[in-house]
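Q: could you look at this predicted model? Sequence included:
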Amino acid sequence: MANVLIVHGVGGDPNENWFPWLKIQLEELGHKVIIPQFPTPKGQILSNWLEIFEKIKGELGEQPILIGHNLGVPFVVNIIEKNPVKAAFLVAGFTGIAGNQFDESMKTFAQKPFDWQQIKKNCKKFYIFHSDNDPYIKIEKAEELANNLDTQFTLVPGGGHLNASAGYTHFDLLLEKIKHEL
């Protein structure tokens, strides 16, 4: 059985969007799922989030599956840069400058040089999901991320930010892709 970490985004929490639904689905299949609360927006810096990750890292075991949404994506990339994982699922994410009002509060996570070769060495399977009408993250950021990871991204037409306000309290496509890695 795989251990799974789900990481929320800016202003997020473990009980929003499709996270609780996905946790239930994966736990029913016998997997351990951890969705920590990271400090946001107050205290939202990479070092604070990494501190929380270090506290739960032991529970994840070897080769966990990581799932990030929004700011959770560059955070997951930061984790993979230093830790081997089985697979990564990156939803409505980015690295670099996102080009929105949250850039200043996200810069420690995303606006830095990443060692893409090491990241690809530590994770062989990347799945990227992005919408064609995301109001926060332009589709070009998904293309850039896919290029850096030598992978493709899955376009979700009309999916908005792939969050609850866009109707995503369930995310069946994501679940199906995760099942391929379990």
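A: Done, it's in.
Q: list the contacts for residue 12?
A: Listed by CB atoms under 8 Å, 6 or more residues apart in numbering, the contact set of residue 12 reads 38, 40, 69-72. Yep, even glycine has a C-beta here, placed from its N, CA and C like the rest.
Q: let me fix that, I meant to ask about residue 99.
A: Contact partners of residue 99, counting by CB under 8 Å, 6+ apart, are 137-138, 141.
Q: circling back: now, which of the contacts of residue 12 sits nearest residue 56?
A: Nearest to residue 56 among the contacts of residue 12, counting by CB to CB, is residue 38 at 10.7 Å.
Q: need the contact list for the closest residue to that closest one other than its chain neighbours.
A: Distances taken as CB to CB, 6 or more residues apart in numbering put residue 49 closest to residue 38, at 4.8 Å, once the chain neighbours are dropped. Taking CB under 8 Å, 6+ apart, we find residue 49 in contact with 38-39, 75, 109.
Q: so which residue is dead centre in the protein?
A: Among the residues of the chain, the one closest to the centroid is residue 68, at 1.2 Å (CA atoms, centre = their mean).
Q: sorry, back to before: same list (the contacts of residue 99) but as TSV, adding neighbour count, secondary structure and distance to residue 128.
A: Putting the contacts of residue 99 into TSV (neighbours: other CB atoms under 10 Å; DSSP: H, G, I helix; E, B strand; the rest coil; distance: CB to CB, whole Å) gives the following:
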residue	neighbour count	secondary structure	distance to residue 128
137	23	coil	11
138	15	coil	14
141	24	helix	10
